[in-house]
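[1] A predicted structure for the sequence below; I have some questions about it.
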Protein chains: 2
Amino acid sequence: TDDRYPSRFDTRAHVSNRHDPVVYGSADDGPLSASDLRFYDDNGYLSFDALLQPDELQSALDELQRLRNDEEIKDSDEAVIEPGSRELRSIFAVHRHNAVLRRLCAHPRLAAIARQLLGGEVYIHQSRINYKGGFRGKEFYWHSDFETWHVEDGIPAMRMVSCSISLTPNTPNNGPLMIMPGSHHRYVACVGATPENHYKASLKQQDVGVPDDASLSALAEQCGIIAPTGPVGAVTFFECNVMHGSNSNITPAPRSNLFIVYNSVDNTPVEPFCGLAPRPNFIAERVDFSPLGRA
Amino acid sequence: TDDRYPSRFDTRAHVSNRHDPVVYGSADDGPLSASDLRFYDDNGYLSFDALLQPDELQSALDELQRLRNDEEIKDSDEAVIEPGSRELRSIFAVHRHNAVLRRLCAHPRLAAIARQLLGGEVYIHQSRINYKGGFRGKEFYWHSDFETWHVEDGIPAMRMVSCSISLTPNTPNNGPLMIMPGSHHRYVACVGATPENHYKASLKQQDVGVPDDASLSALAEQCGIIAPTGPVGAVTFFECNVMHGSNSNITPAPRSNLFIVYNSVDNTPVEPFCGLAPRPNFIAERVDFSPLGRA
């Protein structure tokens, strides 16, 4: 397959244009309105304060609390522990191993939006919980998800959408997701070759596939930076190539989110564009592309 | 002198009440109104978007830019360099070594407010610039300034006020100062004895004199957390015992502030309450208590 988004090959970073549509469906497909779709097309994200109700989430929240204190989970491949402590930072593939979370990840209201944005059937490429604890919650540096998914997982095209569900209130002060609106129209090719088994280090702290300062400054200048906040159950959909990240969290209030990445069944992975072996299946689905059921 | 605010002696943290007034002057003294004073008394801070005009600040801003690139300054005792890089994080005693910054630190509009809050003549206990750079700007963890100034500098009473001047725009996203409003009414005694020459390490990363999680959770629960933001020249006065800190800054926009700490001439330091030698004069004035001039 032709590499339309080369990255990590050159010794200099560069910013180029996106070659793919942003919205693949139309307002007729529902549930999003034409103005929702236009907003997403322009800005690369869409936020809802009350798409899910707290009671719809409660069983998932209980499950998360349990997972967080489960030492066996912390020792599993799917778990990422904070550098320097035994605090859980992330768990991957929660839709695979847990019936309660599988139901939430495949929630008909979320799947319907993903299908509309991506123009057809979708499956889950990745799911994960990010626990950003209070007091010592670490930042997530700026990145385009697509850059990694393309280079390391072999996803050919920008036809994916992430859905972030607030599991705790996201406030301006507890390190909320920050997005550069409109940055998904540009592609920032990064510097530095991908090392083998890069994912093991990169899930804790990213070193390769990191946008350079000059590109980030230019994007921030053009796009600005917004930080959607909201109560438990607030949902933000964001485009796979939108530049995002989050600051640390010294407030006592944890900021935990569930991320679900939907991919179009017409955009399944090929061989990774970095030429290395693909990442494990719990980070990037390569086996089961069966479409999510319709409600 | 009696230690009315013991800290770092016990093996358990505890929270007690403040023994000192918050506002020492009255509205008749001006320039703050009775309602300003009431707000400060209740909340422990007071913010002004336009107390200083950008053109009043321009010469100071130029000076700061120069200092930031001066390798000799970076090697001086007064400078604190970011762990892991040669980036300047702080410079102390800028009112001592630099005519332009001395003028700003002693600005009649700022000094008048300090005199009113502290009820009489004031001098500068400490001044510093904090450069929180873009991209990799580090957090400042929660602390009460007074706890350190009392324990390590021998300041007897809570009769000091800090003034923070925005040298770059402070936005919700670039790691602005966060304050727990009203927390200055309580005193959080910390755990752990002060090591000798503690200041050398503590200016880079605080380890002793750090409030414990339970006390911070209780304070945040009672007080909430606010983050005053504003353009270049915005000014926040905050009480010496108010709990404050700031998150990291991954945005490209640096967040740099000039801090000036005013102390009442009736509250000059005695021997440090930790029993060790006092910190150097460039961090905590012990020699020159001459009051700031009146305009």
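    Ah, there it is. Numbers count the residues shown, from 1 in each chain, chains lettered A, B, ... in the order given.
[2] A:Ile91 contacts A:Ile81, doesn't it?
    No: shown here, A:Ile91 and A:Ile81 do not form a contact pair, counting by CB atoms under 8 Å, at 10.4 Å. C-beta coordinates here come from the backbone N, C-alpha and C atoms, glycine included.
[3] which one of the two is surrounded by more residues?
    Taking other CB atoms under 10 Å in any protein chain shown, A:Ile91 and A:Ile81 do not tie; A:Ile91 has more neighbours (26 against 15).
[4] which element, helix or strand, includes that one?
    strand A:88-92 (DSSP states H and E).
[5] same question, A:Val100
    Assigning secondary structure by DSSP H and E places A:Val100 in helix A:99-105.
[6] moving C-terminal of that helix, what's the next helix or strand?
    Next helix or strand after helix A:99-105 toward the C-terminus (DSSP H and E): helix A:108-118.
[7] alpha carbons of that next one, as PDB, please.
    Only the C-alpha atoms of helix A:108-118 are listed here, as PDB (Å, rounded to 0.1, in the frame of the first residue of the first chain):
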ATOM      1  CA  PRO A 108     -25.600   2.100  20.400                       C
ATOM      2  CA  ARG A 109     -25.600   5.900  20.800                       C
ATOM      3  CA  LEU A 110     -21.800   6.100  20.400                       C
ATOM      4  CA  ALA A 111     -21.600   3.500  17.600                       C
ATOM      5  CA  ALA A 112     -24.300   5.400  15.600                       C
ATOM      6  CA  ILE A 113     -22.200   8.600  15.800                       C
ATOM      7  CA  ALA A 114     -19.100   6.800  14.800                       C
ATOM      8  CA  ARG A 115     -20.800   5.200  11.800                       C
ATOM      9  CA  GLN A 116     -22.200   8.500  10.700                       C
ATOM     10  CA  LEU A 117     -18.800  10.300  10.900                       C
ATOM     11  CA  LEU A 118     -16.900   7.400   9.200                       C
END
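[8] that one: what's the following helix or strand?
    Scanning forward in sequence from helix A:108-118, with DSSP H and E defining helices and strands, the next element found is strand A:122-132.
[9] what does chain A have sitting close to chain B?
    Proximity of chain A to chain B, by CB under 8 Å from any CB of the partner chain, involves residues A:134-135, A:139, A:141-142, A:171-173, A:175, A:178, A:213, A:216-217, A:220-221, A:225, A:227, A:245-253.
[10] now restrict the residues you listed to buried residues only.
    Buried members of these, scored by 16 or more other CB atoms under 10 Å in any protein chain shown, are A:134-135, A:139, A:141-142, A:171-173, A:175, A:178, A:216, A:220, A:225, A:227, A:245-253.
[11] for the longest helix seen in chain A, packing partners?
    Counting residues, the longest helix in chain A under DSSP state H turns out to be helix A:54-68. Counting by 3 or more CB pairs under 8 Å, 6 or more residues apart in numbering or on different chains; DSSP states H and E, the packing neighbours recorded for helix A:54-68 are strand A:88-92, helix A:99-105, strand A:122-132, strand A:255-264.
[12] what do you get if the cut-off is 6 Å, keeping everything else the same?
    Counting by 3 or more CB pairs under 6 Å, 6 or more residues apart in numbering or on different chains; DSSP states H and E, the packing neighbours recorded for helix A:54-68 are helix A:99-105.
[13] what does the average pLDDT come to for the helix it packs on?
    Within the predicted structure, the mean pLDDT of helix A:99-105 is 93.
[14] next, count neighbours for A:Arg109.
    Neighbouring residues of A:Arg109 were enumerated by other CB under 10 Å; the total is 13.
[15] apart from its chain neighbours, what residue comes closest to it?
    Residue nearest to A:Arg109 in three dimensions, not counting chain neighbours: A:Leu51, with 6.2 Å by CB to CB, 6 or more residues apart in numbering or on different chains.
[16] residue contacts, the closest residue to A:His184 other than its chain neighbours?
    By the measure of CB to CB, 6+ apart, the closest residue to A:His184 outside its immediate chain neighbours is A:Gly44, 3.6 Å from it. Taking CB atoms under 6 Å, 6 or more residues apart in numbering or on different chains as the criterion, A:Gly44 is in contact with A:His184, A:Glu239, A:Val242.
[17] so how far is A:Glu147 from A:Gly44?
    14 Å (CB to CB, to the nearest Å).
[18] could you do A:Cys163 as well?
    19 Å.
[19] show me what contacts the residue in the stretch 1-150 of chain A that chain B sits nearest to?
    Among the residues of the stretch 1-150 of chain A, A:Glu139 lies nearest to chain B; the distance is 5.1 Å by CB to the nearest CB. Applying CB under 6 Å, 6+ apart to A:Glu139 gives the contacts A:Asn247, A:Ser248, B:Ser248, B:Ile250.
[20] can we see that at 10 Å?
    The neighbourhood of A:Glu139, defined by CB atoms under 10 Å, 6 or more residues apart in numbering or on different chains, consists of A:132, A:175, A:178, A:205, A:245-249, B:136, B:138-139, B:175, B:247-250.
[21] could you list which of those residues belong to strands?
    The strands, defined by DSSP state E, take in A:Lys132, A:Met178, A:Gly245, A:Ser246 from the contacts of A:Glu139.
[22] from A:His107, how far off is the closest residue to A:Pro280 other than its chain neighbours?
    With CB to CB, 6+ apart as the measure, A:Asp77 is the residue that lies nearest to A:Pro280, at 6.9 Å, once sequence neighbours are left out. When CB to CB is applied, the distance between A:Asp77 and A:His107 equals 26 Å.
[23] quick revisit: now do the shared contacts for A:Ile91 and A:Ile81.
    With CB under 10 Å, 6+ apart, A:Ile91 and A:Ile81 have common neighbours A:Lys74.
[24] so the closest residue to chain B within the stretch 51-200 of chain A, which state does it fall into?
    Using CB to the nearest CB, the point where the stretch 51-200 of chain A gets nearest to chain B is A:Pro172, with a distance of 4.5 Å. Secondary structure, DSSP: H, G, I helix; E, B strand; the rest coil: A:Pro172 is coil.
[25] residue contacts, the closest residue to it other than its chain neighbours?
    Closest residue to A:Pro172 in three dimensions, ignoring its sequence neighbours and counting by CB to CB, 6+ apart: B:Pro172, at 4.5 Å. With contacts taken as CB under 10 Å, 6+ apart, B:Pro172 has the following neighbours: A:Thr171, A:Pro172, A:Asn173, A:Pro176, A:Met178, A:Ile225, A:Ile226, A:Ala227, A:Thr229, B:Ala227, B:Thr229.
[26] now A:Asp36. Its backbone dihedrals?
    Taking degrees, to the nearest 10, you get phi -60, psi -50 for the backbone angles of A:Asp36.
[27] residues contacting the nearest residue to it once chain neighbours are set aside?
    Computed as CB to CB, 6+ apart, the closest residue to A:Asp36 that is not its neighbour in sequence is A:Leu46, at 6.1 Å. When the contact criterion is CB under 10 Å, 6+ apart, the partners of A:Leu46 are A:32, A:36-37, A:39-40, A:113, A:117, A:161, A:163, A:228, A:235-239.
[28] just the ones in helices from the residues you listed, please.
    For the contacts of A:Leu46, secondary structure assignment (DSSP H) places A:Asp36, A:Leu37, A:Phe39, A:Tyr40, A:Ile113, A:Leu117 in helices.
[29] and the third one, how far from A:Val242?
    This means A:Phe39. In this structure, A:Phe39 and A:Val242 are separated by 13 Å, where distance is defined by CB to CB.
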